[in-house]
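>>> Fold the following.
(one chain, ligands or ions: 10)
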Amino acid sequence: MALSRGDTNMANRTLGTWMCGLLLGTVGLLLLPAHTAGTAQTPQPGLKPGYVGAAKCMSCHEVQAKGYKDSPHARAWDPRTPAAASACETCHGPGSGHIEDVGAKGRLRNFKKITPREASETCMTCHNREEHSQWQGSMHDARNVTCVNCHSVHTPKSETGQLKQETVTATCGQCHREKAAKIQRSSHMPVREGKMECTSCHNQHGSTNVRMLRAGNTVSEFCTSCHAEKRGPFLWDHPPARESCATCHDPHGSSNDRMLVARAPMLCQRCHVHRQHPASVYDANAVASKSSRLVGRACVNCHSNIHGSNHPSGQFFQR
Ligand code: HEC
Ligand code: HEC
Ligand code: HEC
Ligand code: HEC
Ligand code: HEC
Ligand code: HEC
Ligand code: HEC
Ligand code: HEC
Ligand code: HEC
Ligand code: HEC
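Numbering: from 1, shown residues only. Ligands and ions are numbered 1, 2, ... in the order given. Down below sits the predicted model:
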């Protein structure tokens with residue numbers, strides 16, 4: 001049986017983070033003074049100068065300790081995790097200065113005080129492969145959004161992915177309220193059925209496409225990665241479909257059929273005004289006559305191959 005997409009991701013990720021754990025381990029080894037190098041063999045190198053070990057931190061910070069202990073970061077048997085490195089101090093930095101005087105500020109890395117970029121860099125020491133390889137320079141990175149705007153290491157609300165909110169949509173909705181609201185009325189069936197999320201289309205960690213889209217190099221290439229029959233090339237192209245599907249469809253949902261940004265004939269009239277047959281100016285009489293240009297699928301009653309046609313005489317997309 002073939003691996004599902006999720007499984008492949010997991011495999012890639014596992015390899016990616018494992019490699020990075022290995023790298024960190026090696027760096028750690030190199031940094032150790034010669035006389036303590038032997039301790040690097042043990043999974044808990046709590047004896048590094050300046051470090052105090054997780055047990056001490058946990059004795060005072062019960063809340064954080066609880067959230068951490070239940071998380072993948074605490075799996076000490078896994079060499080890629082913080083637990084296998086310096087536990088709490090992997091992310092917060094060496095703690096001896098802090099426990100000398102817990103009231104003194106700035107002796108540890110506090111994710112609420114450091115800049116967004118510094119926060120991201122801490123996480124990126126491990127999470128820098130595959131899914132995450134385009135983070136630097138992504139729109140989120142550029143706009144000072146950081147990992148900890150969406151993730152909570154100690155008090156996550158979601159069942160997977162350590163998110164700050166219960167669902168992906170709610171996490172994105174912290175900032176993109178309008179999009180999160182639209183998706184609820186979406187007629188994109190997979191989204192409505194809960195099989196698709198913001199993250200099915202966007203890689204919030206960065207991508208090479210516009211708008212952080214997961215596949216392709218343009219909006220249309222992205223959509224046709226699933227809707228292959230709309231990809232073309234067609235004998236007769238409808239230029240807007242080649243340019244961007246989002247000219248006519250709102251991928252976040254709309255209250256029109258087929259997620260159209262407007263319904264025909266208005267949609268078509270945005271561009272086609274002067275035509276041999278009336279394409280615009282519908283008065284009360286025309287409406288009352290129930291012209292086929294207005295009712296049902298309106299223009300698309302006749303121009304049914306609206307995305308492009310391969311029929312020799314399909315230049316008007318009627319066949
Ligand atoms: C003796 C108890 C004690 C121990 C041990 C201890 N802490 Fe703290 N820590 C505190 C207290 C109390 C504060 C709150 C200080 C304040 O808000 O004024 C604090 C604050 C912090 C902060 C926020 C720091 C800041 O600059 O605002 C972090 C992060 C932290 N501790 C992590 C750790 C880690 C990691 C360890 C282990 C290396 C650790 N603590 C060990 C008592 C302790
Ligand atoms: C993977 C990195 C990471 C590890 C490991 C980690 N923390 Fe944190 N810590 C964070 C982040 C990020 C925050 C910001 C709040 C959040 O994400 O939940 C934080 C917040 C805190 C705070 C609150 C500081 C404040 O003033 O708001 C304390 C205290 C703390 N951590 C202690 C610990 C202790 C104790 C451990 C070990 C049991 C630990 N941390 C392990 C990343 C980490
Ligand atoms: C020392 C390496 C290391 C650091 C630093 C680190 N992580 Fe991780 N993280 C891991 C490993 C390893 C896993 C488990 C991955 C797996 O099982 O595939 C993980 C898992 C995760 C997960 C997935 C949790 C889940 O339930 O599947 C999230 C989210 C995450 N880390 C966020 C962060 C954030 C945010 C930071 C910075 C505050 C951070 N990590 C810092 C190594 C690290
Ligand atoms: C804009 C919000 C957002 C930002 C910013 C963000 N993430 Fe995520 N992250 C998510 C969401 C949503 C998921 C998917 C969770 C799920 O479906 O379980 C996720 C998944 C993950 C996972 C687990 C899945 C995987 O494939 O690796 C890790 C690890 C992770 N993020 C780390 C990070 C790190 C490190 C940063 C900062 C460099 C970061 N994230 C920034 C929202 C965000
Ligand atoms: C902490 C706030 C915050 C959160 C949470 C957040 N974003 Fe963003 N996002 C931004 C900002 C700021 C921009 C920059 C453009 C703007 O102002 O709209 C942006 C831009 C984007 C863009 C446009 C990128 C481009 O190239 O134009 C996409 C797509 C996006 N976010 C998706 C998501 C998704 C998906 C999630 C949830 C996983 C999410 N965002 C969560 C703040 C956030
Ligand atoms: C079916 C795929 C799809 C889904 C699902 C989706 N998006 Fe988008 N999103 C797109 C496309 C395509 C664009 C580019 C539209 C354009 O170029 O006009 C976009 C653009 C954006 C933008 C930036 C442009 C703008 O209009 O401001 C943000 C922010 C964004 N999406 C956030 C989200 C959030 C948040 C969710 C989940 C609630 C989400 N998207 C779900 C496909 C999707
Ligand atoms: C991950 C795959 C995937 C991507 C990417 C995708 N779609 Fe879909 N889309 C589907 C599935 C599955 C359906 C529902 C099944 C069906 O009947 O074809 C659907 C349905 C639709 C529908 C019909 C909705 C209805 O009411 O019947 C439209 C229109 C549509 N998609 C447009 C787009 C556009 C525009 C994009 C790019 C922004 C896009 N899709 C990206 C998978 C995808
Ligand atoms: C000129 C406007 C326009 C553009 C651009 C456009 N569409 Fe459409 N699309 C429509 C109309 C109108 C319908 C409804 C057709 C009908 O009712 O038969 C539709 C229907 C659909 C459907 C559902 C019905 C079907 O034929 O499967 C899908 C899926 C779809 N479009 C995908 C796309 C994709 C992918 C792109 C980009 C390559 C795109 N559309 C670009 C106007 C457009
Ligand atoms: C974003 C602008 C835009 C929208 C919206 C649009 N079209 Fe077009 N359409 C074009 C362009 C550009 C051409 C290329 C021919 C031209 O220059 O007139 C074209 C060509 C056509 C043709 C081929 C005849 C010709 O003049 O070459 C037909 C038929 C057509 N469109 C019907 C429709 C229908 C029906 C709709 C609504 C579902 C629609 N169009 C929506 C821009 C648009
Ligand atoms: C009853 C069928 C029918 C309906 C409904 C219809 N058309 Fe047409 N259309 C045609 C035919 C047939 C042609 C071929 C050229 C001709 O004979 O005039 C055509 C040609 C066109 C052309 C290209 C020729 C030109 O005049 O430049 C455009 C653009 C066009 N239609 C747009 C539209 C729009 C927009 C609508 C909706 C307001 C629409 N059509 C509704 C049958 C229809």
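>>> ok, Ser220 - contacts?
Counting by CB atoms under 8 Å, 6 or more residues apart in numbering, Ser220 makes contact with Ala241, Arg242, Glu243, Ser244, Cys245. Where you see a C-beta, it was placed from the backbone N, CA and C, and this is true even at glycine.
>>> Kindly report the domain assignment for the protein.
118-212, 232-309 (automatic domain parsing).
>>> Where does the spatially closest residue to His252 that is not a sequence neighbour sit, in terms of helix or strand?
Distances taken as CB to CB, 6 or more residues apart in numbering place Lys182 nearest to His252, at 4.2 Å, with adjacent residues excluded. Assessed by DSSP states H and E, Lys182 sits inside helix 177-184.
>>> contact partners of that helix?
Taking CB under 8 Å, 6+ apart as the rule, helix 177-184 contacts Thr169, Ala170, Cys172, Gly173, Val191, Cys198, Asp250, His252, Gly253, Ser254.
>>> For the fourth one, give me its contacts.
When you say that, I think you mean Gly173. Counted by CB under 8 Å, 6+ apart, Gly173 has contacts Gln165, Lys179, Ala180, Ala181.
>>> what do you get if the cut-off is 6 Å, keeping everything else the same?
The contact partners of Gly173, taken as CB atoms under 6 Å, 6 or more residues apart in numbering, are Ala180.
>>> one step back: report how many residues lie close to the residue nearest to His252.
18 (other CB atoms under 10 Å).
>>> go on, Thr125?
15.
>>> pLDDT value on it, please?
pLDDT, Thr125: 95.
>>> Repeat that for the one 10 residues further on.
Listed pLDDT for Trp135 reads 95.
>>> Compute the distance between it and ligand 5, please.
Separation of Trp135 from ligand 5 (CB to the nearest ligand atom, to the nearest Å): 13 Å.
>>> can you pull the contacts of that residue?
Asp141, His205, Gly206.
>>> go on, Thr155?
Gly67.
>>> Need phi/psi at Leu213.
phi -80, psi 150 (degrees, to the nearest 10).
>>> Could you count how many residues lie near it?
The local packing of Leu213 (other CB under 10 Å) involves 20 other residues.
>>> ok, now how distant is it from His140?
14 Å (CB to CB, to the nearest Å).
>>> Repeat that for Ala54.
From Ala54 to His140 the distance is 31 Å (CB to CB).
>>> Looking only at neighbour counts, state which of those two leads.
Taking neighbours as other CB under 10 Å, Ala54 and His140 compare with Ala54 leading, 23 against 20.
>>> Read off the pLDDT value for the more buried one.
Per the predicted model, pLDDT is 93 at Ala54.
>>> What score does the residue nearest to it when sequence neighbours are not counted have for pLDDT?
With CB to CB, 6+ apart as the criterion, Ala54 has its nearest non-adjacent residue at 3.7 Å, and that residue is Ala87. Reading off the confidence values, Ala87 has pLDDT 94.
>>> Roughly how far does Ala87 sit from ligand 6?
34 Å.
>>> what's the answer for Ala246, then?
Applying CB to the nearest ligand atom to Ala246 and ligand 6 gives a distance of 4 Å.
>>> Please apply the same query to Pro82.
Taking CB to the nearest ligand atom, one finds Pro82 at 29 Å from ligand 6.
>>> count of neighbours near that residue?
26.
>>> Check whether the nearest residue to it once chain neighbours are set aside sits in a helix, strand or coil.
Once flanking residues are discounted, Pro82 sits nearest to Thr90: 3.8 Å by CB to CB, 6+ apart. Under DSSP: H, G, I helix; E, B strand; the rest coil, Thr90 falls in the helix class.
>>> which parts of this structure sit against ligand 8?
220, 223-224, 227, 230, 238, 240-241, 245, 247-249, 258, 260, 264, 297, 300, 304, 306-307 (CB under 6 Å from any ligand atom).
>>> circling back to that earlier point, quick one: the residue nearest to Pro82 and Ala83 touch, right?
No - judged on CB atoms under 6 Å, Thr90 makes no contact with Ala83 at a distance of 8.2 Å.
>>> Filter the contacts of Trp135 down to the ones in strands?
Taking DSSP state E, every one of those sits outside strands.
>>> Dump these to TSV, plus neighbour count, pLDDT and distance to Cys147.
Shown next, in TSV, are the contacts of Trp135 (neighbours: other CB atoms under 10 Å; pLDDT from 0 to 100; distance: CB to CB, whole Å):
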residue	neighbour count	pLDDT	distance to Cys147
Asp141	19	96	10
His205	19	97	9
Gly206	19	95	12
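>>> In helices, which of the residues you listed fall?
Counted as lying in helices by DSSP state H, out of the contacts of Trp135, are Asp141.
>>> Distance to ligand 3 for the contacts of Trp135 - can I get that in a markdown table?
As requested, these are exported to a markdown table (distance: CB to the nearest ligand atom, whole Å):
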| residue | distance to ligand 3 |
| --- | --- |
| Asp141 | 14 |
| His205 | 10 |
| Gly206 | 15 |
